[in-house]
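*Asks:* Got a predicted structure plus its sequence, pasted below:
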Amino acid sequence: MSTISGSIQPARRTGTGASAALASAMTRAASRQSWYTIRFLVDRGRVDDAWRAYAYFRWVDDRIDEGKGDAAARADFLRRQQALVEAAYRAASCGRPMPADLSPEEQLLAELIAGDTEVDSGLQTYLRNMMAVLAFDVERRGRLISAVELDRYIDLLAAGVTAALFHFIGHDCPVAPSAERARAVGGACVIHQLRDLIEDCANGYVNIPAEYLATHGITPGDVAHPAMRRWVAGRVALARDCFREGRAFIARLGNARRRLAGRAYIARFEYMANIIERDGYLLRAAYPERKTPRAVLWVASRAFI
């Protein structure tokens, strides 16, 4: 499903004193770009928690995607994580103890929530939306989904990631809710799904509406079929619209680090959209050129314009 880029190895140590270093190491191993973004753009007092949030969900995502157990085992694992979120918030508000059998990765979640003292915080929105996204992935693995389900999935993911960005970067500069707020991240989700479509389909996550496949008599693997390429072109156009609206919204933000982070985030996926367009909307299994020095320079130039 690849809701988060990269992959990490299981944690080997735990404890409050070690958790920040552990989360940092896990994040760096999974995505250097994410590590540097957190290190230099996140609010100074929130860097450790940003690493905890990224590392924890990277671990959960990997466990669900690459889990060696059956569907029931994956569902049990996710239910445990959902219960831990609720238990951690109860512990934070009522002083109730957390379960004693937490793994090192689950300890990251417990410490992250222990520091969340706000009512209806952006962090809580992020945690609950990501859990909803993962629950949907566990349920739908191996089956086709409708266009309505696909849209709902993107909306949940975009709202959650946007809430996290605003929680960790420029936290003291509140932004009123609006329809534009999550548009940039929504466009990024669309391109992310296209980039990973072949891999995701192989893992049982088909992010193409069942209605479209049935109407055109194609399968998820028919990436060279004209109907599939038309669908990809339409998705890229949708993402471009989201990026335009997102850039306009970001330009109005009062926090400079938020503006820089937002532009850099959009640029990463604009570069990927450019590649897909140059390929004539014929999707590939891998895109190594997105990690080249040329790509880094292009994204940086877009971010600082």
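*Replies:* Cool, the structure landed. Being a predicted model, the structure only gives us computed values, none of them experimental. Numbers count the residues shown, from 1 in each chain.

*Asks:* Skip ahead from the worst-scoring helix or strand of the chain on mean pLDDT and say which helix or strand is next.
*Replies:* Ranked by mean pLDDT, DSSP states H and E, the weakest helix or strand in the chain is helix 16-30, scoring a mean of 86. With elements assigned by DSSP states H and E, the helix or strand that comes after helix 16-30 is helix 32-41.

*Asks:* so residue 173 sits right up against residue 252, yeah?
*Replies:* No - using CB atoms under 8 Å, residue 173 is not in contact with residue 252, being 11.5 Å away. C-beta here means a position set from N, CA and C on the backbone, and glycine is covered the same way.

*Asks:* These two: who's more crowded?
*Replies:* residue 173 (12 against 9; other CB atoms under 10 Å).

*Asks:* What residues does the more buried one make contact with?
*Replies:* Going by CB atoms under 8 Å, 6 or more residues apart in numbering, residue 173 touches 253, 254, 255, 258.

*Asks:* and with 6 Å instead?
*Replies:* Contact analysis of residue 173 by CB atoms under 6 Å, 6 or more residues apart in numbering lists 254, 255.

*Asks:* Look up how far residue 188 lies from it.
*Replies:* Separation of residue 173 from residue 188 (CB to CB, to the nearest Å): 22 Å.

*Asks:* Low-confidence bits of this protein, can you list those?
*Replies:* When residues are selected by pLDDT under 70, those of the chain lie in 1-18, 67-69, 95.

*Asks:* Contact partners for residue 24?
*Replies:* Neighbouring residues of residue 24 by CB under 6 Å, 6+ apart: residue 51.

*Asks:* quick one, the least confident helix or strand of the chain and helix 32-41 angle?
*Replies:* Computed by axes from the mean of the first three to the mean of the last three CA atoms, to 10 degrees, the angle separating helix 16-30 from helix 32-41 equals 130 degrees.

*Asks:* buried sites along helix 16-30?
*Replies:* Neighbour-count burial for helix 16-30, counted by 16 or more other CB atoms under 10 Å, picks out 19, 20, 22, 23, 24, 25, 26, 27, 28, 30.

*Asks:* can you list these in JSON lines and add distance to residue 194?
*Replies:* Listed next are the buried residues of helix 16-30 as JSON lines, based on distance: CB to CB, whole Å:
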{"residue": "19", "distance to residue 194": "35"}
{"residue": "20", "distance to residue 194": "35"}
{"residue": "22", "distance to residue 194": "33"}
{"residue": "23", "distance to residue 194": "30"}
{"residue": "24", "distance to residue 194": "31"}
{"residue": "25", "distance to residue 194": "31"}
{"residue": "26", "distance to residue 194": "27"}
{"residue": "27", "distance to residue 194": "25"}
{"residue": "28", "distance to residue 194": "27"}
{"residue": "30", "distance to residue 194": "21"}
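
*Asks:* Between those residues, which sits nearest residue 77?
*Replies:* Taking CB to CB as the measure, residue 77 lies nearest residue 26 of the buried residues of helix 16-30, at 17.9 Å.

*Asks:* Name the nearest residue to that closest one, sequence neighbours excluded.
*Replies:* residue 55 (3.7 Å; CB to CB, 6 or more residues apart in numbering).

*Asks:* How about residue 255?
*Replies:* Residue 255 sits nearest to residue 170 (CB to CB, 6+ apart), 3.1 Å away.

*Asks:* cool, residue 222 as well?
*Replies:* Sequence neighbours aside, residue 228 is the residue nearest to residue 222 in space, at 5.3 Å (criterion: CB to CB, 6+ apart).
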